[in-house]
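S.K.: the sequence and its predicted three-dimensional model are supplied below.
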Amino acid sequence: MSPIPSLLPQTGRRVDEIAARAQSDGRTPSFALAIVRDRAVLHQSFAGEHPRPDAKTQYRLGSITKTLTATMVMQLRDEGFFALDDLLYRHLPGTPIGGVTLRQLLGHVSGLQREPDGAWWERATGGDVDQLLAELGYDKVAGPPFRRFRYSNLAYGLLGAVLEKVTGESWQALAAKRVLDPLGMKRTTYAPVEPFARGYVVHALGGAMHEEPRLDSGAMAPAGQLWSTITDMAKWAAFWTDPAPTVLSRETVDEMCAPVVISDLESWTAGHGLGPQLFRVGERVFVGHGGSMPGYVAQLAVHRRSRLGVVAFANAYGLTGTTIKQVALDALTTVLDAEPPAPPAPWQPSTPPTGEAAALVGRWWWMGREYEIVTDGDALEMTGPFHWSRFTREAPDRWRGVDGENEGEVLAVLRSPEGEVAGLDIATFVFSRDPSHLA
């Protein structure tokens with residue numbers, strides 16, 4: 001039996017210290033933090049007594065819910081229900097703000113204001129989709145699309161409305177059927193299920209705790225309704241590093257994690273993709289999302305390259321003197337700096353190339369620089385000075401770049417009058433077997 005993965009003892013003690021200080025200095029009734037990799041919890045730290053948490057205690061996710069909503073939007077896009085550049089009115093006809101696109105809503109660049117009309121939706125029982133749409137007006141547009149990052153809960157309420165309108169199913173049913181059940185996230189639920197942490201506002205003077213109501217967000221549920229646990233969030237973190245094909249392809253998850261907008265134009269430490277938030281700490285970029293609802297804050301962040309992630313929950317409406325995002329990123333950065341990288345996959349002998357690929361492997365030259373092409377049987381990989389590209393075959397003598405420097409470009413095989421391979425044309429750059437060749 002393989003040993004249960006864990007952190008080095010000294011790293012674990014440092015993470016415990018970060019969590020304990022967050023609970024104590026942050027004045028939160030309880031605090032839960034876990035370092036995860038590949039669906040496994042490597043280390044978990046719990047602090048506080050109200051309640052005394054464990055890996056199966058539910059906390060409210062808040063806006064981490066948006067990453068599930070975005071995942072369902074991308075699923076339906078991949079299945080042909082719509083295109084991301086569809087205007088909103090195509091799927092919600094009659095709306096006065098229909099001139100924004102689904103892509104703009106996903107990336108918070110639609111120009112829509114932050115909240116819907118009426119009472120603060122996080123502190124009120126929400127209405128249905130028809131009520132949400134009936135209250136929309138031109139005044140909900142706070143600025144032009146793509147002019148700047150403008151975080152909008154309303155945008156995700158509208159995305160949830162699109163999901164319901166095009167499928168005929170409720171957002172709650174779609175989330176269970178399309179994401180939670182396929183990933184085995186049985187303790188991630190629409191409403192709290194015991195054991196769960198009650199949420200509080202902790203008064204700055206004297207530390208009195210006021211328990212917050214746990215309300216159904218209705219049509220705004222796609223922006224912040226769900227509840228979950230450390231164990232289930234480990235599965236959700238793993239999804240962003242090793243996507244389940246039954247939910248989304250790796251190519252689509254990569255698309256979601258690419259930056260749509262930089263949200264702080266001075267320091268470039270934060271941005272947004274098609275659903276996930278992006279955080280830069282030093283030379284590393286993390287994907288994930290934060291969340292808050294009255295009585296709760298939460299954070300998920302994943303370093304995709306190392307497959308390491310962090311999950312953090314607190315049952316207070318904010319931490320005194322810091323943020324749960326900062327605590328979580330400090331913990332994850334500490335682990336990445338201290339822990340050895342995951343062991344590489346075992347080397348396997350390559351399959352001898354056949355067909356057209358057999359004539360393309362080996363050394364190639366361009367402008368006096370050497371490049372090498374190898375194959376794993378299904379694709380070509382080209383490496384060279386500061387260069388890596390991967391190609392798959394589209395047709396005889398035609399390969400398409402699917403990753404790396406030449407993603408999207410065509411590799412065309414050039415042949416002599418006798419039919420022998422004479423060169424490679426990659427986006428007008430011609431590669432030769434002759435080291436003296438210049439093109």
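M.R.: The structure has been received and is ready for your questions. Numbering: from 1, shown residues only.

S.K.: C-alpha from now on. contacts and neighbour counts both.
M.R.: Noted.

S.K.: quick one: the strands in the stretch 51-200 of the chain?
M.R.: 59-60, 200-202 (DSSP state E, counting those that start in this stretch).

S.K.: ok, Arg393 to Val374 distance?
M.R.: 14 Å (C-alpha to C-alpha, to the nearest Å).

S.K.: what about Thr11, which helix or strand?
M.R.: helix 9-26 (DSSP states H and E).

S.K.: chain center to that helix, what's the gap?
M.R.: 26 Å (C-alpha atoms, centre = their mean, to the nearest Å).

S.K.: neighbour count winner among Arg393 and Val374?
M.R.: Per other C-alpha atoms under 10 Å, whichever of Arg393 and Val374 has more neighbours is Val374, with 20 against 17.

S.K.: for the stretch 101-250 of the chain, which spans come out with low pLDDT?
M.R.: 118-123 (pLDDT under 70).

S.K.: got the residue ranges for the helices in it?
M.R.: With helices called from DSSP state H, counting those that start in this stretch, the stretch 101-250 of the chain shows them at 102-106, 129-134, 153-167, 171-175, 221-224, 230-241, 250-257.

S.K.: just name the most buried of those helices.
M.R.: Across those, averaging neighbours per residue (mean count of other C-alpha atoms under 10 Å) puts helix 221-224 on top, at a mean of 28.

S.K.: hmm, back to that, can I get the strands of the stretch 51-200 of the chain in a markdown table with distance to Asp38 and mean neighbour count?
M.R.: Listed next are the strands of the stretch 51-200 of the chain as a markdown table, based on distance: least, C-alpha to C-alpha, whole Å; neighbours: other C-alpha atoms under 10 Å:
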| stretch | distance to Asp38 | mean neighbour count |
| --- | --- | --- |
| strand 59-60 | 22 | 32 |
| strand 200-202 | 32 | 22 |
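
S.K.: who wins for proximity to Ala357 among those?
M.R.: In terms of C-alpha to C-alpha, the element of those nearest to Ala357 is strand 59-60, at 52.1 Å.

S.K.: list the strands paired with that closest one, with their directions.
M.R.: Note on strand 59-60: by DSSP bridges, its sheet partners are strand 227-228 (antiparallel).

S.K.: if we can go back for a sec, Ala357: which of the helices of the stretch 101-250 of the chain is closest?
M.R.: Among the helices of the stretch 101-250 of the chain, helix 250-257 sits nearest to Ala357 (C-alpha to C-alpha), with 23.7 Å.

S.K.: show me how far the closest one is from its chain's centre.
M.R.: With C-alpha atoms, centre = their mean, you get 8 Å for helix 250-257.

S.K.: now the element after it, going C-ward?
M.R.: With DSSP H and E, the next secondary element past helix 250-257 is strand 261-262.

S.K.: need the next SSE after that next one, C-terminal direction.
M.R.: strand 270-272.

S.K.: compare the helices of the stretch 101-250 of the chain and give me the one nearest Lys140.
M.R.: Comparing the helices of the stretch 101-250 of the chain by C-alpha to C-alpha, helix 153-167 comes nearest, at 9.0 Å.

S.K.: thinking again about what came up before, just checking, next helix/strand downstream of the helix holding Thr11?
M.R.: Following helix 9-26 in sequence, per DSSP H and E, is strand 30-37.

S.K.: distance from the chain centre to that following strand, please.
M.R.: The answer for strand 30-37 is 18 Å, by C-alpha atoms, centre = their mean.

S.K.: partners of it, with directions?
M.R.: Applying DSSP bridges, strand 30-37 is found paired with strand 40-48 (antiparallel), strand 308-314 (antiparallel).

S.K.: what residues sit buried inside the longest one?
M.R.: Buried residues in strand 40-48, counted by 16 or more other C-alpha atoms under 10 Å: 40-48.

S.K.: still on that earlier bit, closest to Ala331 out of the helices of the stretch 101-250 of the chain?
M.R.: Per C-alpha to C-alpha, nearest to Ala331 of the helices of the stretch 101-250 of the chain: helix 230-241, 15.2 Å.

S.K.: got a list of contacts for that closest one?
M.R.: 32-34, 36-41, 55-58, 183-188, 253, 300-305, 307, 309-312 (C-alpha atoms under 8 Å, 6 or more residues apart in numbering).

S.K.: emit the ChimeraX select command for whichever of these are buried.
M.R.: One line in ChimeraX is enough to select the buried ones among the contacts of helix 230-241; burial here means 16+ other C-alpha under 10 Å:
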select :32,33,34,36,37,38,39,40,41,55,57,58,183,185,187,188,253,300,301,302,303,304,307,309,310,311,312
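
S.K.: now the strands of the stretch 51-200 of the chain in a markdown table, with distance to Lys66?
M.R.: Below are those laid out as a markdown table (distance: least, C-alpha to C-alpha, whole Å):
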| stretch | distance to Lys66 |
| --- | --- |
| strand 59-60 | 13 |
| strand 200-202 | 22 |
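
S.K.: Leu174: which of those strands is closest?
M.R.: Using C-alpha to C-alpha as the measure, strand 59-60 is the one of the strands of the stretch 51-200 of the chain that comes nearest Leu174, at 19.0 Å.

S.K.: that closest one - what's its average pLDDT?
M.R.: Average pLDDT, strand 59-60: 98.

S.K.: can you check stretch 322-335 too?
M.R.: The model assigns stretch 322-335 a mean pLDDT of 97.

S.K.: can I get the CA coordinates of it in PDB?
M.R.: The C-alpha trace of stretch 322-335 is given here as PDB (Å, rounded to 0.1, in the frame of the first residue of the first chain):
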ATOM      1  CA  THR A 322      -5.600  40.600   6.800                       C
ATOM      2  CA  THR A 323      -7.600  38.800   4.200                       C
ATOM      3  CA  ILE A 324      -8.200  35.100   3.700                       C
ATOM      4  CA  LYS A 325      -6.700  35.400   0.300                       C
ATOM      5  CA  GLN A 326      -3.400  36.700   1.700                       C
ATOM      6  CA  VAL A 327      -3.400  33.900   4.400                       C
ATOM      7  CA  ALA A 328      -4.100  31.200   1.800                       C
ATOM      8  CA  LEU A 329      -1.500  32.500  -0.700                       C
ATOM      9  CA  ASP A 330       1.100  32.800   2.100                       C
ATOM     10  CA  ALA A 331       0.500  29.200   3.100                       C
ATOM     11  CA  LEU A 332       0.700  27.900  -0.500                       C
ATOM     12  CA  THR A 333       3.800  29.900  -1.300                       C
ATOM     13  CA  THR A 334       5.500  28.600   1.900                       C
ATOM     14  CA  VAL A 335       4.800  25.000   0.700                       C
END
